[in-house]
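Asks: Model the structure of this input:
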Amino acid sequence: MVIPRFLPVVGGTEKQCWLLSRELSRRGFRISVLTEREKGTPFYEKREGVQIYRLPGLKLPFFPSFGFFKLGFLFLLAHGFKYGLVHLHLVTSLVFPVVLMKIIYGKRIIAKFGAGGRFGDLETSRKSFLRRFKMMTVRKYFDAFIVPSRSLEEDLKRMNFRNVVFMPNSVDIDYFSVPDEHEKLEIKKSLGFGKQKIFLFTGRFTAQKNLFCLLKAWKEFKRKQSESRLILIGEGEEETGLKRFIREENLSDVSVLAPVTEKRIRDYYRASDYFVLPSHAEGMSNSLLEAVASGMVPLVSDIPGNREIVERSGEDGFNFAPDNAGELKELIEKCMNLRTDEVLQIREKQKVRLETAYSVKNLAGEYSRLFF
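Replies: Have a look, this model is predicted:
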């Protein structure tokens, strides 16, 4: 597994790489992860059977991954003969060291794309000659391409990519599970929520996530309601602006929290009632999968990645047009009045979907067949 960043970084791509690596290791495969070293992390460790090699990085203004690119090439050149397959997570400049594995050692190489839309690998690859050259190299040399959404699958096929394989992101449904009502109330109390209805967002605070739309909708909604709270957990370049908006609009019932541990985020999922994801673009949101696995009702923007989790608004969750704060406000109001049986119906539909299509155990089996 070759990935720009890895644990302890816990973004969506990093989490998927770890879930897959750990599950394949449990099935007897020898898995190594090659990544750039984060400050304070060891150069080598073995975690639950997965070997993790972290190489020091050197960032240049025009080439932020220069150090890892250079050392990654040398590592693969020296050790590439040991591996049966190289799986690249995200189509970055690491494409070129991985391609040399195929040229020198004749190894199979597979790439996984991230999000689609204007924030995805395909769109950003058009912004310079070097990025277009990178995408041409990927299309020519890689043996297969993994995509987490059907829309991205269609985009790649339109661009004449071969061997495009749809593999949705996975979730550990044994770890993220629905609490009973007593347990839910106890977790709410431990987090200081009381009996409030909790609306939650977790993820990066970036333009892609469209959080100002959510705050505008919440501002209008709160003119009528007082028994609810909005929690935003994450960090990113829009954090200062979001906090300023909250302060200026006197949204005292909105909390912005720094990223927390996986165990802690599990508590927030299990204590909360509704998960809101207003993104402009998603491949397949890890947070959304974890939230619905924990029993939360999803409110998501009507974009391709989200539609694969909320297929029929009103039956398995709710969707709204991106940037339509008015529509989102109406959905929030509607959710405040959902009956218990309606919530249970949504949970049941999502449970069946997750168990059949998104369980990490099932998807690891699909990956192992693709790999070997």
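Asks: who touches the nearest residue to residue 241 once chain neighbours are set aside in this structure?
Replies: Nearest non-adjacent residue to residue 241, counting by CB to CB, 6 or more residues apart in numbering: residue 212, 7.6 Å away. (C-beta placed from N, C-alpha, C; glycine too.) The contact partners of residue 212, taken as CB atoms under 8 Å, 6 or more residues apart in numbering, are 238, 241-242, 245.
Asks: out of those residues, which one sits closest to residue 357?
Replies: For the contacts of residue 212, the closest approach to residue 357 (CB to CB) belongs to residue 238, at 31.9 Å.
Asks: Can you check the pLDDT for that closest one?
Replies: Residue-level confidence at residue 238 comes out at 96, pLDDT.
Asks: Next, give phi and psi for the closest residue to residue 278 other than its chain neighbours.
Replies: The shortest distance from residue 278 to any non-neighbouring residue, by CB to CB, 6+ apart, is to residue 210 (4.4 Å). Phi and psi for residue 210, reported as degrees, to the nearest 10, are phi 60, psi 40.
Asks: residue contacts, residue 210?
Replies: Counting by CB under 8 Å, 6+ apart, residue 210 touches 278-280, 301, 322-323.
Asks: Which ones among those residues map onto helices?
Replies: Judged by DSSP state H, the contacts of residue 210 include no members of helices.
Asks: Now, those that are in strands?
Replies: residue 301 (DSSP state E).
Asks: which one of the contacts of residue 210 is nearest residue 48?
Replies: Distance ranking of those against residue 48, using CB to CB, places residue 279 first at 30.9 Å.
Asks: confidence score at that closest one?
Replies: You'll see residue 279 listed with a pLDDT of 95.
Asks: So it sits against residue 302, correct?
Replies: No. Residue 279 sits out of contact with residue 302 when judged by CB atoms under 8 Å, with a separation of 10.6 Å.
Asks: Who has more neighbours out of these two?
Replies: Taking other CB atoms under 10 Å, residue 279 and residue 302 do not tie; residue 279 has more neighbours (26 against 15).
Asks: lowest-pLDDT helix or strand in the protein?
Replies: helix 121-124 (a mean of 62; mean pLDDT, DSSP states H and E).
Asks: Next SSE downstream of it?
Replies: Where DSSP states H and E defines the elements, the next helix or strand beyond helix 121-124 is helix 129-141.
Asks: so who does residue 161 touch?
Replies: 139, 145.
Asks: With residue 202 instead?
Replies: Contacts for residue 202 (CB under 8 Å, 6+ apart) come out as 232-234, 265, 268, 287, 291.
Asks: That one pairs with what?
Replies: residue 233 (DSSP bridges).
Asks: Let's see the pLDDT reported for residue 119.
Replies: pLDDT, residue 119: 56.
Asks: tell me which residues in stretch 297-315 are buried?
Replies: Buried residues in stretch 297-315, counted by 16 or more other CB atoms under 10 Å: 297-301, 303-310.
Asks: Just give me the closest of the residues you listed to residue 68.
Replies: residue 305 (27.7 Å).
Asks: how about the residue lying closest to the closest one once chain neighbours are set aside, what does it touch?
Replies: Of all residues not flanking residue 305 in the chain, residue 282 sits nearest, at 3.4 Å (CB to CB, 6+ apart). Residue 282 sits next to 115, 149, 288, 303-306 when contact means CB under 8 Å, 6+ apart.
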